[in-house]
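*Asks:* A predicted structure for the sequence below; I have some questions about it.
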Amino acid sequence: GESVGLHLPTLSVQEGDNSIINCAYSNSASDYFIWYKQESGKGPQFIIDIRSNMDKRQGQRVTVLLNKTVKHLSLQIAATQPGDSAVYFCAENMRNQGGKLIFGQGTELSVKP
Amino acid sequence: DGGITQSPKYLFRKEGQNVTLSCEQNLNHDAMYWYRQDPGQGLRLIYYSQIVNDFQKGDIAEGYSVSREKKESFPLTVTSAQKNPTAFYLCASYGGRADGELFFGEGSRLTVL
């Protein structure tokens, strides 16, 4: 059945602290993973991606870690800023599935000044 | 600049009326997607099109219809058969890389009164 009105997991951090957002993915055959950031009332924006042949990838202030053994993905944001406040989604994909991503529920990050 | 444009951003309709949401892209992408987002939940795939004049149902296609007469355009019609149409609708396109990064529009919020 359809679940309506679920509360998003939330993470509240102090400005300047590091944030870690976790995601458990569902399909062991997935081989590509993406983190998206969605600000209120807007479409998701790409943050960083990682392929299954890697366990870590770094971007500007962000790092994604992949643990295939336990099907776990995490997004680390260094020196979190108020502008980082948003909902963060992980998404998984299997090669040759094109843009048919499977999205997680999302985590709401709130940054306190 | 290249991108995806959705319109209208906000739409109010009476119960029983069909509504059509517009999605246009100038990224020269072959594949386009419609996702639905409900509060506190991730994105769910409604319909997708990998090439002009062809489209497939996603996970929650009932009560929706689409067309893909032009590469740039992928309109979504929310019909009166959709039992719970109030939601945030996101259109996306995919550039055909082996990985699955989607480019999203800014969304259309439909409220049925």
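*Replies:* Nice, thanks for sending it over.

*Asks:* And stretch A:47-67, what's buried?
*Replies:* Within stretch A:47-67, the residues that qualify as buried are A:I47, A:I48, A:D49, A:I50, A:S52, A:V62, A:T63, A:V64, A:L65, A:L66, counting by 16 or more other C-beta atoms under 10 Å in any protein chain shown. (C-beta placed from N, C-alpha, C; glycine too.)

*Asks:* near chain B, from those?
*Replies:* The subset of the buried residues of stretch A:47-67 within reach of chain B, by C-beta under 8 Å from any C-beta of the partner chain, is A:D49.

*Asks:* Which one of the buried residues of stretch A:47-67 is nearest to A:T107?
*Replies:* Distance to A:T107, by C-beta to C-beta, is smallest for A:I47 among these, at 12.7 Å.

*Asks:* Skip the chain neighbours and tell me the closest residue to the closest one.
*Replies:* Spatial nearest neighbour of A:I47, excluding adjacent residues (C-beta to C-beta, 6 or more residues apart in numbering or on different chains): A:W35 at 4.4 Å.

*Asks:* The one you found pairs with what?
*Replies:* A:W35 forms beta bridges with A:I48, A:C90, as assigned by DSSP bridges.

*Asks:* ok, now which ones touch residue 47?
*Replies:* In the absence of a named chain, this looks at chain A. A:I34, A:W35, A:Y36, A:K37, A:G59, A:V62, A:L75, A:Y88 (C-beta atoms under 8 Å, 6 or more residues apart in numbering or on different chains).

*Asks:* You answered for a different chain; I wanted chain B.
*Replies:* B:Y47 touches B:Y33, B:W34, B:F55, B:Q56, B:K57, B:G58, B:A61, B:Y64, B:S65, B:V66, B:L76, counting by C-beta under 8 Å, 6+ apart.

*Asks:* ok, and the second one, which helix or strand is that part of?
*Replies:* Right, the one you point to is B:W34. Assigning secondary structure by DSSP states H and E places B:W34 in strand B:31-37.

*Asks:* which other helices and strands contact that strand?
*Replies:* Applying 3 or more C-beta pairs under 8 Å, 6 or more residues apart in numbering or on different chains; DSSP states H and E, we find strand B:31-37 packed against strand B:19-25, strand B:43-51, strand B:87-94.

*Asks:* for the record, mean pLDDT for stretch B:66-76?
*Replies:* For stretch B:66-76, the mean pLDDT works out to 98.

*Asks:* Now do the contacts for residue 37.
*Replies:* I went with chain A, as the question did not name one. Shown in contact with A:K37 (C-beta under 8 Å, 6+ apart): A:P44, A:Q45, A:I47, A:D84, A:A86, A:V87, A:Y88.

*Asks:* meant chain B actually
*Replies:* Neighbouring residues of B:Q37 by C-beta under 8 Å, 6+ apart: B:L43, B:R44, B:A87, B:F88, B:Y89, B:L90, B:G107.

*Asks:* Format those as CSV; extra columns: distance to chain A.
*Replies:* As requested, the contacts of B:Q37 are exported to CSV (distance: C-beta to the nearest C-beta, whole Å):
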residue, distance to chain A
B:L43, 4
B:R44, 8
B:A87, 10
B:F88, 8
B:Y89, 10
B:L90, 5
B:G107, 5
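
*Asks:* per-residue pLDDT, the nearest residue to B:K9 once chain neighbours are set aside?
*Replies:* Nearest non-adjacent residue to B:K9, counting by C-beta to C-beta, 6+ apart: B:S108, 6.2 Å away. pLDDT for B:S108: 97.
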